[in-house]
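Asks: Fold the following for me, if possible:
(one chain, ligands or ions: 1)
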Amino acid sequence: MIKRLIFLPGFRIDNIEHNNSSFYVFASIKSKRSQCPVCGSFSTSVHDSYTRKLADLSAFQNSTTILLRTRKFKCKDSSCDRKVFSEQTPHTMRYSRRTARASSILDTLSIELTGKLGSLLSKQLLLPVSTSTVTRIAMKQKLPEVIQPIVLGVDDWAFRKGVNYGTILIDMETSRPIELLASRERSDLKRWLKKYPNVKIVTRDRASSYSSAINEVCPDAIQVADRFHLLMNLSDALDKYFKSAQAGIRSGC
Ligand SMILES: [Zn+2]
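Replies: Presented below is the predicted three-dimensional model:
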């Protein structure tokens, strides 16, 4: 039954062990031959093998590790630069330590959540990754092709909170992030806006560097503070007022 649930086409499951809330799946690849990644020729000549450890989806609060016997093949094309190569499967990326289906969950999570929250959730899903790994996975994602946004959101983005900040650009009509800029610098935003100058409305934080970049490239765009930053403005104004009125309040005037 478990074998059927694990099912990965092309894999042969040789054995399953269970130990300390973890499933260990011993598997190998069914195909007798493999294709050289350099010259594309097929080989059946096995040189050696090793075990590749791959984290897979958890099952009923048990983590799952696939121990994949991976063969190394000799390339039969004498003119090829690669003499020996490891067999690959469509279920995992080259050099990855996770199956593609486990990676796909982390890919989604890394885009939807911050590094810290993503890391917390990954632990709950028994696919634990650190905060910095969540950010790294997010940065590797191919963002959808950008279509000229009409309503653009511009805000800070913490690569590492308190240390390293960039700028996130959001298509406010679809609520999807469309770009991550490496810095909060005016020049970076300006460069990006020049490619998409037909923005009509920009919701942004209070940073004056963003404001001047928008004024320069999209002078007709309406700039508005979003609800969060509007509340921050209000809070700052009230703070300033009460501080200035403090003496009067104390003396009962
Ligand atoms: Zn080759």
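Asks: quick one: contacts for residue 201?
Replies: 150, 151, 152, 172, 221, 222, 223, 224 (C-beta atoms under 8 Å, 6 or more residues apart in numbering). Placement of C-beta: from N, CA and C, glycine included.
Asks: Just the pLDDT at the residue in the stretch 101-250 of the chain positioned nearest to the ion, thanks.
Replies: Closest residue of the stretch 101-250 of the chain to the ion, C-beta to the ion: residue 103 (27.0 Å). Note on residue 103: pLDDT of 94.
Asks: For it, list the residues it contacts.
Replies: By C-beta under 8 Å, 6+ apart, the contact set of residue 103 is 92, 93, 96.
Asks: Can you name the next helix or strand after the one helix or strand it maps to?
Replies: Taking DSSP states H and E as the definition, one finds residue 103 inside helix 100-112. The C-terminal neighbour of helix 100-112 among helices and strands, as given by DSSP H and E, is helix 115-124.
Asks: what's that next one packed up against?
Replies: On a contact count with 3 or more C-beta pairs under 8 Å, 6 or more residues apart in numbering; DSSP states H and E, helix 115-124 meets helix 100-112, helix 131-140.
Asks: Centre of the chain to that helix, how far?
Replies: Offset of helix 115-124 from its chain centre (C-alpha atoms, centre = their mean, to the nearest Å): 12 Å.
Asks: buried set for that helix?
Replies: By 16 or more other C-beta atoms under 10 Å, the buried positions in helix 115-124 come out as 115, 118, 119, 121, 122.
Asks: follow-up on the earlier one: okay if I get the helices and strands packed on helix 115-124 as JSON lines plus distance to residue 49?
Replies: As requested, the helices and strands packed on helix 115-124 are exported to JSON lines (distance: least, C-beta to C-beta, whole Å):
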{"stretch": "helix 100-112", "distance to residue 49": "22"}
{"stretch": "helix 131-140", "distance to residue 49": "28"}
